[in-house]
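>>> just a sequence and a predicted model for now, questions to come.
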Amino acid sequence: MGIFYGMVARGQVVLAEFSTTQANASTIARQILEKMNEEKNDINSSFSHDRYIFHVKRTDGLTVLCMADDASGSK
């Protein structure tokens, strides 16, 4: 249980990224980021993929995204 991947971005530009796993988290995170940029409002959402949950929070154009295992829940 825990957080395996994290990203901070402004718009489509990734400012920082960290991963503790060999999973394709970066690719999936960038796909989520791309879809999220279609909306301009602040967002607080979670998306599931395989056995992972991606949590996304965007405020004032700054996006923070992390990937955790599904045992961590959606909170």
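In hand now; what should we look at?
>>> residue ranges for the helices of this protein, please.
Assigned by DSSP state H, the helices in the chain fall at 25-36.
>>> please enumerate the strands of this structure.
3-10, 13-19, 43-49, 52-59, 62-69 (DSSP state E).
>>> which one of the ones you listed lies nearest to residue 28?
When the strands of the chain are compared by Cβ to Cβ, strand 43-49 sits nearest residue 28, at 5.7 Å. Using the backbone N, CA and C atoms, a C-beta is placed for each residue, glycine as well.
>>> re the thing from before, deepest of the strands of the chain, which one?
Ranked by mean neighbour count, the strands of the chain are led by strand 62-69 with a mean of 19 (mean count of other Cβ atoms under 10 Å).
>>> export the strands of the chain to a markdown table and tack on distance to residue 32 and mean pLDDT?
Shown next, in a markdown table, are the strands of the chain (distance: least, Cβ to Cβ, whole Å; pLDDT from 0 to 100):
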| stretch | distance to residue 32 | mean pLDDT |
| --- | --- | --- |
| strand 3-10 | 9 | 94 |
| strand 13-19 | 12 | 95 |
| strand 43-49 | 6 | 90 |
| strand 52-59 | 6 | 93 |
| strand 62-69 | 7 | 93 |
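>>> adding distance to residue 33, write the ones you listed out as a markdown table.
Compiled in a markdown table, the strands of the chain are given as follows (distance: least, Cβ to Cβ, whole Å):
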| stretch | distance to residue 33 |
| --- | --- |
| strand 3-10 | 6 |
| strand 13-19 | 8 |
| strand 43-49 | 11 |
| strand 52-59 | 8 |
| strand 62-69 | 6 |
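>>> quick one: contacts for the spatially most central residue of the chain?
Most central in the chain under Cα atoms, centre = their mean is residue 65, positioned 2.9 Å from the mean C-alpha point. Shown in contact with residue 65 (Cβ atoms under 8 Å, 6 or more residues apart in numbering): 6, 7, 8, 9, 29, 32, 33, 54, 55, 56, 57.
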